[in-house]
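K.L.:
need coordinates for the following:
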Amino acid sequence: MKRAVQVVETDEVAGFEAMLGESVLLMCGVYFYAGKLTGVNGDHLELEEAKLVYETGAWDSPAWADAQSLPSPWRVMKQSVESWGKAKC
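P.N.:
Numbering: from 1, shown residues only. The predicted structure follows:
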């Protein structure tokens, strides 16, 4: 097998740590969670102002169609996250 590999060393923060303090959406196998990412450790993520998103609505809509508040802080296991990114609210 041939591979093209380029290694670039950087001091930049990447991954979940790069989004600390930002609103994120965590898409997990069963549920979607939205909230401000306030903590990251080896096995879980901590959200403040967390919501369980039952229905997203249109992705370009400014708010979720159906999202229920969860107690703060709320923690989600990293191993459950399939996809994630900046949240719309």
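K.L.:
contacts, neighbours, all on C-alpha from now
P.N.:
Will do.
K.L.:
sheet partners, orientation included, of whichever helix or strand residue 25 is part of?
P.N.:
Using DSSP states H and E, residue 25 maps to strand 23-28. Based on DSSP bridges, the strands next to strand 23-28 in the sheet, each with its direction, are strand 32-40 (antiparallel), strand 81-86 (antiparallel).
K.L.:
check which residues of the shortest one are buried.
P.N.:
Within strand 81-86, the residues that qualify as buried are residue 81, counting by 16 or more other CA atoms under 10 Å.
K.L.:
in PDB, list the C-alpha atoms belonging to it.
P.N.:
These are the backbone C-alpha positions of strand 81-86, laid out as PDB (Å, rounded to 0.1, in the frame of the first residue of the first chain):
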ATOM      1  CA  VAL A  81     -20.400  11.100  19.700                       C
ATOM      2  CA  GLU A  82     -20.600  10.200  16.000                       C
ATOM      3  CA  SER A  83     -20.500  13.700  14.700                       C
ATOM      4  CA  TRP A  84     -20.200  17.200  16.100                       C
ATOM      5  CA  GLY A  85     -19.800  20.800  15.300                       C
ATOM      6  CA  LYS A  86     -20.800  24.400  16.000                       C
END
